[in-house]
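Asks: Give me a model of this one.
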Amino acid sequence: MSKKILLTGASGGFGFLTAKLLTEQGHTVVGTMRSTSGKNESVAQELSSSGVHLVEMDVTNEESVNSGVQQAISKMDGLDVVINNAGVGVSGMVEHFTTEDMQRVFDVNVFGVQRVMRAVLPFLREQGQGTIIQISSCIGRITLPFYGPYIASKWALEALSENYRAELSGFGIESCIVEPGGFPTTFIDNLIQPSDTSRNESYGEFMNAPQAMGEAFMEALQNNELQRPQIVADAISSLIELPFGAKPFRTVVDHMGMGEPVEQYNQVLHQITEGVYSAFGIEGMLKVNK
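Replies: A predicted model of the protein is given here:
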C-alpha cells in the first residue's frame, strides 16, 4: 500500500538511495535538504526527475522545520511515515572537540530530530496513526574510539527513541530504529574534525591513530562487497512494507562485524526492558495501539 513519507537528509548517501527506492516502489516521498542549489544541485535534480518531491529544510532551525513539515504535508495531502535520517559524523580525539563542536553535532543528530518530532506529532496524533523511523547507528549501541561526539549523539537518539516509543504507542504511532554499520557514502567524506588542535602534540604518535583507523576501515569497506549503502535503503523499504504494528523496534544493517553482536545486545536489552516495564505494570506501553 502506498505511503506518504517525509524523509530528512535526502541529499546524503542513505537518504538519496532511500528516497529514490521508495518513490520507485510507488510511495509518495518528500525529501528534505538544506538547499536544493549549490553543492546539492545535481542531487536535487536527479531526485526531482525521479519523482521525489523536495523541500528545503534545515533541521537545526525550528522555523525552517515547522515550515518544511507543513509544506510536506501539503504537497502529499497527508503524512504516514517520518524518517529522521539527517545526520553528521566526526573523526578525532574526543578531548579535542570543543563544546561548540559537540553542540554542532547534537544540533543535527539529536535536537534536529526533536524539532522534526515536535513538528509532525500533532498531525500524527490527531490522525491516530503513523510510523516513525529513526536512523541511528551500530555505534549508537557500542563505542569505538575516535568518533566520540557522534557516538554520544546516537546514544542520545536511541534513548530519545525509547521514550517516544512508549509515550506514543497509545496514540497509534509506532516507532522503529534502523542501526546501520559504517558504509562507503558521502557521510564519511564530510566528517567534522575537532576545532581545538592545541592539544595534538601532547598525544604524541597516538595522534596518527584516528587517520590510520579511518584508512584501514575504508580499505575494509572497499573489500567487502556486501557492505553496500543500498542494503540500508532496502532495509528501510522492507520495514515500511511490514504491517502496521508488526515492525521490529530495532533493525541492524551491517556486514562488517558489528551486526551480529549488536543484534544479540538488542535482544538482551529487549528482554530487560520488557521485564522492567512488567515490574512497573506499564508493559502495555511497549505495544502500539492499532
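
Asks: use CA for all of it now, contacts and neighbours both
Replies: Noted.

Asks: which stretch of helix or strand covers residue 178?
Replies: Applying DSSP states H and E as the criterion places residue 178 in strand 173-180.

Asks: So which elements touch that strand?
Replies: strand 130-135, helix 148-168, strand 250-253 (3 or more Cα pairs under 8 Å, 6 or more residues apart in numbering; DSSP states H and E).

Asks: Turn the ones you listed into JSON lines, columns for mean pLDDT and mean neighbour count.
Replies: As requested, the helices and strands packed on strand 173-180 are exported to JSON lines (pLDDT from 0 to 100; neighbours: other Cα atoms under 10 Å):
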{"stretch": "strand 130-135", "mean pLDDT": "98", "mean neighbour count": "23"}
{"stretch": "helix 148-168", "mean pLDDT": "98", "mean neighbour count": "20"}
{"stretch": "strand 250-253", "mean pLDDT": "98", "mean neighbour count": "23"}
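
Asks: okay if I get those as TSV plus distance to residue 32?
Replies: What follows is the helices and strands packed on strand 173-180, written out as TSV (distance: least, Cα to Cα, whole Å):
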stretch	distance to residue 32
strand 130-135	15
helix 148-168	20
strand 250-253	23
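
Asks: Out of the ones you listed, which gets nearest to residue 60?
Replies: Distance to residue 60, taken as Cα to Cα, is lowest for helix 148-168 among the helices and strands packed on strand 173-180, at 14.3 Å.

Asks: CA-only coordinates of the closest one in CSV, if you can.
Replies: Taking Å, rounded to 0.1, in the frame of the first residue of the first chain, the C-alpha atoms of helix 148-168 are listed here in CSV:
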residue,chain,number,x,y,z
GLY,A,148,33.1,10.3,20.4
PRO,A,149,30.7,13.2,19.8
TYR,A,150,28.9,11.2,17.0
ILE,A,151,28.6,8.1,19.2
ALA,A,152,27.3,10.2,22.1
SER,A,153,24.7,11.8,19.9
LYS,A,154,23.5,8.4,18.6
TRP,A,155,23.3,7.0,22.1
ALA,A,156,21.1,10.0,23.0
LEU,A,157,19.0,9.4,19.9
GLU,A,158,18.5,5.8,21.0
ALA,A,159,17.3,6.9,24.4
LEU,A,160,15.0,9.5,22.9
SER,A,161,13.5,6.9,20.6
GLU,A,162,12.9,4.5,23.5
ASN,A,163,11.0,7.2,25.3
TYR,A,164,9.0,8.2,22.2
ARG,A,165,8.1,4.5,21.6
ALA,A,166,6.5,4.2,25.0
GLU,A,167,4.8,7.6,25.1
LEU,A,168,3.4,7.4,21.5
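
Asks: Make 28 the first number, not 1, from now on.
Replies: I'll keep to 28 as the first residue from here, and by that count the last item is helix 175-195.

Asks: which secondary structure elements does it contact?
Replies: helix 126-136, strand 200-207.

Asks: Thank you, goodbye.
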